[in-house]
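In: sequence and predicted structure are below.
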Amino acid sequence: MNGLLTLKGLSPNIIQSIIDTAVSFKNDSSKVTSFPDKKMVTLFFENSTRTQYSFQVAMLNLGITPIGFSSIGSSIAKGESLYDTVKTFEYLGVDGVIIRHSQNEFYKELENVNIPIFNAGDGTADHPTQTLLDLMTIYERFGKFDGLKIALVGDIAHSRVAHGNAEVMKRLNMDVSIVGPEIFIDDTAPRITLDQAVDTCDIVNLLRVQFERHADVIEMSKDDYHSLYGMTKARADRMKKDAIIMHPAPVNRGVEIADSVVEHKKSRIFEQMRNGVYIRMAVISMVFEGKL
Ligand code: CP
């Protein structure tokens, strides 16, 4: 299967070359290759603003025609499978599909698809372009990965971002830790306290509390969560001088991050979104050029 499904099989050198390509697109638009004969469809079975629309902006920047798709009003509502839907687009002459789906590794049932597939988030497993844009944001700040200390804070157990980021960051020799309440903790990385993360880490990577998935099991109030695990202004100010705060967004303001910290000088949250466009341009063009 062609495309980008997970970063697990990609070497650090390939990951670095994707980041370098994205940085070159960001810094010099003349480096961008155009693919005016191509069209791609975004198949999102879960809600999304950043990933869905930054893939569409990336396509427009590459001269590719984006085609939107809504499962409501499509033949998915008549029971058509994911495989038959994707195969249909292949035979309609679409050149690639971008898919977000609640099922972990949904792409395993698409092995007989002959057009590139880009994973825009699968269940709690992986979100490869989010990991790449997070890495690009870190690389722009520090110029390296080796030895950097990062804490993933919040709902680790349900987070595809936490799982995807930790897997790659460990391979890039980053020192990865996790922070959060007991019900959100798994074995992704060693656990530390929020105070340790704030005082010692180069990057504090906050995660969204996914109230829509498990509001019933979160026993503490939003105020208590914020006080115990949230990035308050006092905590942000206490972080190391060069340290940065990241969050994949959407953010729950006043829960995992204080309203006033979303645009704090240490925050890279909106820059992450900007970098998402360049990362998605990089992965699409590298796949079409046979470099990925
Ligand atoms: N970070 C992220 O995946 O955001 P969306 O759900 O809005 O795409």
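Out: Noted; the coordinates are in hand. Numbering: from 1, shown residues only.

In: for the stretch 1-150 of the chain, which residues are neighbours of the ligand?
Out: Counting by CB under 6 Å from any ligand atom, the stretch 1-150 of the chain comes close to the ligand at 48, 49, 50, 51, 52, 121, 130. Bear in mind the C-beta positions are built from the backbone N, C-alpha and C, glycine included.

In: just the buried ones from those residues?
Out: 48, 50, 51, 52, 121, 130 (16 or more other CB atoms under 10 Å).

In: isn't the fourth one right up against residue 118?
Out: No. Distance between residue 52 and residue 118: 11.6 Å, which falls outside the contact criterion (CB atoms under 8 Å).

In: joint contacts of those two?
Out: Shared contacts of residue 52 and residue 118, defined by CB atoms under 8 Å, 6 or more residues apart in numbering, are found at residue 98.

In: who touches stretch 59-73?
Out: 25, 32-36, 38-45, 55-56, 77, 94-95, 277, 281, 284-285.

In: hmm, 7 Å instead?
Out: The contact list for stretch 59-73 (CB atoms under 7 Å, 6 or more residues apart in numbering) reads 32, 34-36, 38-43, 45, 56, 77, 94, 277, 281, 284-285.

In: what do you get for stretch 259-269?
Out: Residues contacting stretch 259-269 (CB under 7 Å, 6+ apart): 137, 231, 233, 236, 239, 243-247, 249, 251, 253.

In: who wins for most neighbours among those residues?
Out: residue 231 (27 neighbours; other CB atoms under 10 Å).

In: ok, that residue touching residue 258?
Out: Yes. Counting by CB atoms under 7 Å, residue 231 touches residue 258, with 6.5 Å between them.

In: what segments of the stretch 51-200 of the chain are helices?
Out: In the stretch 51-200 of the chain, the helices defined using DSSP state H, counting those that start in this stretch lie at 82-91, 128-142, 160-171, 194-200.

In: put together TSV for those, with mean pLDDT on each row.
Out: Output for the helices of the stretch 51-200 of the chain, formatted as TSV (pLDDT from 0 to 100):
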stretch	mean pLDDT
helix 82-91	98
helix 128-142	98
helix 160-171	98
helix 194-200	98
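
In: tell me, how many residues neighbour residue 73?
Out: 8.

In: residue 151 pairs with what?
Out: Using DSSP bridges, the bridge partners assigned to residue 151 are residue 177, residue 204.

In: tell me the buried residues in stretch 67-74?
Out: For stretch 67-74, the buried set under the neighbour-count rule, 16+ other CB under 10 Å, comprises 67, 69.

In: do the same with stretch 8-25
Out: Quick answer for stretch 8-25 (16+ other CB under 10 Å): 10, 15, 17, 18, 19, 21, 22, 23, 25.

In: can I assume the fourth one sits in a strand?
Out: I take that to be residue 18. No. Residue 18: not assigned to a strand; according to DSSP: H, G, I helix; E, B strand; the rest coil it is helix.

In: help me confirm that it comes into contact with residue 284.
Out: No. The pair residue 18 / residue 284 is not scored as a contact, 10.8 Å apart, by CB under 7 Å.

In: many thanks, have a good one.
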